[in-house]
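Chemist: Return a 3D structure for these sequence lines:
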Amino acid sequence: MDIALLIIGFLFTIAGLFGSFLPVIPGPPLSWLGLLLLYLTQAVPNNWWILGISFFIAVLVTVLDYVIPAYGSKKFGGSKYGAWGATLGLIIGLFLPIPFGFLIGAFLGAFLGEWLHKQDSNQSVKAAFGSFLGVMASNFMKFAVSLAFLVLFLFIFIKNFTLFF
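Modeler: Reported below is the predicted structural model:
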């Protein structure tokens, strides 16, 4: 049973990394579930401090994920259309066969969202830049937390390796 929990937990932490950029997958909460599954094994002694602090961080980052893009957009005069456009552009950009397609897609999506809403090219570029910065900051924050949870998962696994086998 421990091996199954270990493998599923590891897969959750990896999926959490992808969830940092894909809005349909909740990155940090999924990575935290991977940590929880690791601690549910018999080989790893419970540490409620690590689980509690990491849970708080996962919840905080999830809440900030909604606040930061909206703040970036509003700061540069944008609307929710720019934030939505940036998110959709980021998803489409992931599938483009060009380097950094997700960055280009996020900016173009934010621009198109703002332009369709306001019909003003200059204001749309400015707002798109704010939306783009907000989405990128949010994604970077989610990726950093999910990566930290993966590193923590691996560290705990390696520390208790002999207890698994």
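
Chemist: Assess the claim that K142 and S20 are in contact.
Modeler: Yes. Look at K142 against S20 with C-beta atoms under 8 Å: they come within range, at 4.1 Å. For every residue, glycine as well, the C-beta is placed using N, CA and C.

Chemist: hey, what's in contact with both of these two?
Modeler: Residues touching both K142 and S20 (C-beta atoms under 8 Å, 6 or more residues apart in numbering) are G27, P28.

Chemist: element containing I92?
Modeler: helix 80-94 (DSSP states H and E).

Chemist: And the average pLDDT for that helix is what?
Modeler: In this model, helix 80-94 carries a mean pLDDT of 81.

Chemist: Check the residue nearest to the spatial centre of the chain and give its pLDDT.
Modeler: The chain has S20 as the residue nearest its centroid, 2.2 Å off, counting by C-alpha atoms, centre = their mean. With respect to pLDDT, S20 scores 88.

Chemist: so for the helix or strand encompassing A137, what's the average pLDDT?
Modeler: Assigned by DSSP H and E, A137 belongs to helix 121-159. Helix 121-159 comes out with an average pLDDT of 89.

Chemist: counting contacts, what elements does that helix pack onto?
Modeler: Secondary-structure packing of helix 121-159 (3 or more C-beta pairs under 8 Å, 6 or more residues apart in numbering; DSSP states H and E): helix 2-19, helix 27-39, helix 48-75, helix 80-94, helix 101-118.

Chemist: Now do the shortest one against helix 2-19, angle only.
Modeler: Relative orientation of helix 27-39 and helix 2-19, computed by axes from the mean of the first three to the mean of the last three C-alpha atoms, to 10 degrees: 170 degrees.

Chemist: All further residue positions should be reported with the first residue as 9.
Modeler: Okay, residue one is now 9; in that scheme the one you just asked about reads as helix 35-47.

Chemist: buried residues in stretch 136-155?
Modeler: By 16 or more other C-beta atoms under 10 Å, the buried positions in stretch 136-155 come out as 136-147, 149-151, 153-155.

Chemist: Run the chain-centre distance for that stretch.
Modeler: In terms of C-alpha atoms, centre = their mean, to the nearest Å, the centre of stretch 136-155 is set 8 Å apart from its chain centre.

Chemist: just stretch 59-73 next, same as before
Modeler: Centre-to-centre, stretch 59-73 and its host chain are 12 Å apart (C-alpha atoms, centre = their mean).

Chemist: who's in contact with that stretch?
Modeler: 34, 36-37, 39-40, 43-44, 47, 146, 149-150, 153, 157, 160.

Chemist: Buried residues of that stretch, list them for me.
Modeler: S62, F63, A66, V69, T70, L72, D73.
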